[in-house]
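*Asks:* Sequence and predicted structure are below.
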Amino acid sequence: MSVMNDTPPEIERLVRERIMARSGEERFRMGVEMFEAARAMVRASLPPDLPEPERKRQLFKRIYGSELPG
C-alpha cells in the first residue's frame, strides 16, 4: 500500500522528537485517546438502528479489517 506524505522530512523529525520527549505514560495515553476517537467515528458512521451485537461486529470489522473470531 502506498502512503501519501506531504510533510517535509524536517517537520516529521521535529514532530517525532516532540512526541518521543514525552514520557511513556503520556505516549500511551495519546495512543488510547486516538484509538477511542477512531472508535467513536466508526460508531457514528454505523446505522443507528443496528442491534448491539451487529454494531459490535461491524465496529470490529472496520477497525481490525476482519470478522470477529468465533
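*Replies:* Yes, it's here.

*Asks:* Run the chain-centre distance for the lengthiest helix in the chain.
*Replies:* In the chain, taking DSSP state H as the definition, the longest helix is helix 24-45. How far helix 24-45 lies from its chain's middle: 6 Å, per CA atoms, centre = their mean, to the nearest Å.

*Asks:* same for that helix, what does it pack against?
*Replies:* helix 9-20, helix 52-64 (3 or more CB pairs under 8 Å, 6 or more residues apart in numbering; DSSP states H and E). In this view, the C-beta of every residue, glycine as well, is placed from N, C-alpha and C.

*Asks:* could those helices go into CSV alongside mean pLDDT and mean neighbour count?
*Replies:* Shown next, in CSV, are the helices and strands packed on helix 24-45 (pLDDT from 0 to 100; neighbours: other CB atoms under 10 Å):
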stretch, mean pLDDT, mean neighbour count
helix 9-20, 96, 10
helix 52-64, 93, 13
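
*Asks:* Dump the ones you listed to a markdown table, plus distance to Arg43.
*Replies:* Below are the helices and strands packed on helix 24-45 laid out as a markdown table (distance: least, CB to CB, whole Å):
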| stretch | distance to Arg43 |
| --- | --- |
| helix 9-20 | 27 |
| helix 52-64 | 6 |
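
*Asks:* Can you report how many residues lie near Arg39?
*Replies:* 13 (other CB atoms under 10 Å).

*Asks:* thought it was touching Leu59?
*Replies:* Yes: here Arg39 lies in contact with Leu59, judged by CB atoms under 8 Å, at a distance of 6.9 Å.

*Asks:* wait, what's in contact with Met30?
*Replies:* Ile19, Arg22 (CB atoms under 8 Å, 6 or more residues apart in numbering).

*Asks:* That one and Glu17, how far apart?
*Replies:* 15 Å (CB to CB, to the nearest Å).

*Asks:* Not counting its neighbours along the chain, what's nearest Lys56?
*Replies:* Nearest non-adjacent residue to Lys56, counting by CB to CB, 6 or more residues apart in numbering: Leu68, 7.3 Å away.
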